[in-house]
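In: for reference, the sequence and a predicted model appear below.
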Amino acid sequence: MLFLDSSDPKEIKDIFAWGVIAGVTTNPLILAREAGAVDLEQRIREVVAASKGPVSVELVSESEGAMMEEAHRYHTWAPGRIVIKVPFGEAGLRVTHALASQGIETNVTCIMSFNQAYLAALAGGTYVSIFSGRVRDMGYDVRPVIAETRAQLDRENLGAKIIVGSIRHILDVNEALAHGAHVVTVPPAILRKMLHNPKTDETIREFNAAWASRAK
Ligand SMILES: O=C(CO)[C@@H](O)[C@H](O)[C@H](O)[C@H](O)COP(=O)(O)O
């Protein structure tokens, strides 16, 4: 399954019309880059209106109390659509566990290892987000992290779903899915690259030219 890693409502609306995307993920970096000075609530409401399925919105507070207050505020913007993105850590696990007991969906994010993903799933995270590109930036192979996490979720029947983010190349998408990701969240630019193959373009041109020059 694919999600779109974007906070740009126009891009989101265009790409949802392809019928291939099941949700949206945002993060503070993406929002700062794409939304800038726009009010966060307004932008998230636009993203919800432009899409279908879950929309992840990330907490930026650091203390447990402030994170819970922020999570409840985001949740009211579109109950049933907003997933609270919780940065991984001790406070993050407590917040994830508390929100799960209140029936609020979470996406535990910034995960770089199997151990972190496992803890996030045990705490009751709805999604656990493994960062493909950033794991590779450290010189590690992300494929076993994804595969071992998936195997453990399946073995213990934990409900969490793996999202693989930090996608930098088309091949990252293929590898994440092949190693057990439930969802890959793809930036629009990478998704557009997935459309193209020069042999496809050449073949379509050849077929259309043959039709146009047929004997009449
Ligand atoms: O965590 C999720 C999805 O749950 C993503 O939105 C995630 O934050 C982004 O893919 C990454 O931060 C983008 O990674 P990078 O390209 O900045 O390394």
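Out: Cool, the structure landed. Computed from a predicted structure; not experimentally measured. Residues are numbered from 1 along each chain as shown.
In: what's the burial count for the closest residue to the ligand within the chain?
Out: Among all residues of the chain, Gly165 sits closest to the ligand, at 2.9 Å; criterion: C-beta to the nearest ligand atom. From N, CA and C alone the C-beta is placed, and that goes for glycine too. Counted by other C-beta atoms under 10 Å, the residues lying close to Gly165 total 27.
In: with Gly23 instead?
Out: 21.
In: how about Glu175?
Out: With other C-beta under 10 Å as criterion, Glu175 counts 19.
In: so which helix or strand takes in it?
Out: Assigned by DSSP states H and E, Glu175 belongs to helix 170-178.
In: confirm Ala22 sits in a helix?
Out: No: Ala22 sits outside any helix when classified using DSSP: H, G, I helix; E, B strand; the rest coil, being strand.
In: and the closest residue to the residue of the chain closest to the ligand other than its chain neighbours, helix, strand or coil?
Out: Spatial nearest neighbour of Gly165, excluding adjacent residues (C-beta to C-beta, 6 or more residues apart in numbering): Thr185 at 4.7 Å. At Thr185 the chain is in strand, as set by three-state DSSP.
In: partners of Thr185 in the sheet?
Out: On the basis of DSSP bridges, Thr185 is bridged to Phe3.
In: about what we covered before: dump the helix holding Glu175 to CSV, restricted to CA.
Out: Coordinates of each C-alpha in helix 170-178 appear next as CSV, following Å, rounded to 0.1, in the frame of the first residue of the first chain:
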residue,chain,number,x,y,z
ILE,A,170,12.3,4.3,-6.6
LEU,A,171,14.3,1.2,-5.6
ASP,A,172,13.7,2.1,-1.9
VAL,A,173,9.9,1.6,-2.5
ASN,A,174,10.4,-1.8,-4.2
GLU,A,175,12.8,-3.0,-1.4
ALA,A,176,10.6,-1.8,1.4
LEU,A,177,7.6,-3.7,0.1
ALA,A,178,9.6,-6.8,-0.7
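In: show me what it is packed against.
Out: Contacts defined by 3 or more C-beta pairs under 8 Å, 6 or more residues apart in numbering; DSSP states H and E place helix 170-178 against helix 132-137, helix 142-156, strand 183-186, helix 188-193.
In: the inter-axis angle of that helix versus helix 142-156?
Out: 20 degrees (axes from the mean of the first three to the mean of the last three C-alpha atoms, to 10 degrees).
In: who's in contact with Ile167?
Out: With contact set as C-beta atoms under 8 Å, 6 or more residues apart in numbering, Ile167 has these partners: Asp5, Ser132, Gly133, Val173, Ala176, Val184, Thr185, Val186, Pro187, Ile190.
In: show me which residues of this protein are close to the ligand?
Out: For the chain, the residues found near the ligand under the criterion C-beta under 6 Å from any ligand atom are 5, 25, 27, 29, 56, 107, 109, 129, 131, 133-134, 163, 165-166, 185.
In: hmm, which of these are the buried ones?
Out: For the residues of the chain next to the ligand, a neighbour count by 16 or more other C-beta atoms under 10 Å gives the buried set as 5, 25, 27, 56, 107, 109, 129, 131, 134, 163, 165-166, 185.
In: may I see the residues you listed arranged in a markdown table, with distance to Glu64 as well?
Out: Shown next, in a markdown table, are these (distance: C-beta to C-beta, whole Å):
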| residue | distance to Glu64 |
| --- | --- |
| Asp5 | 27 |
| Thr25 | 23 |
| Asn27 | 20 |
| Ser56 | 20 |
| Asn107 | 18 |
| Thr109 | 16 |
| Ser129 | 20 |
| Phe131 | 23 |
| Arg134 | 25 |
| Ile163 | 23 |
| Gly165 | 24 |
| Ser166 | 26 |
| Thr185 | 26 |
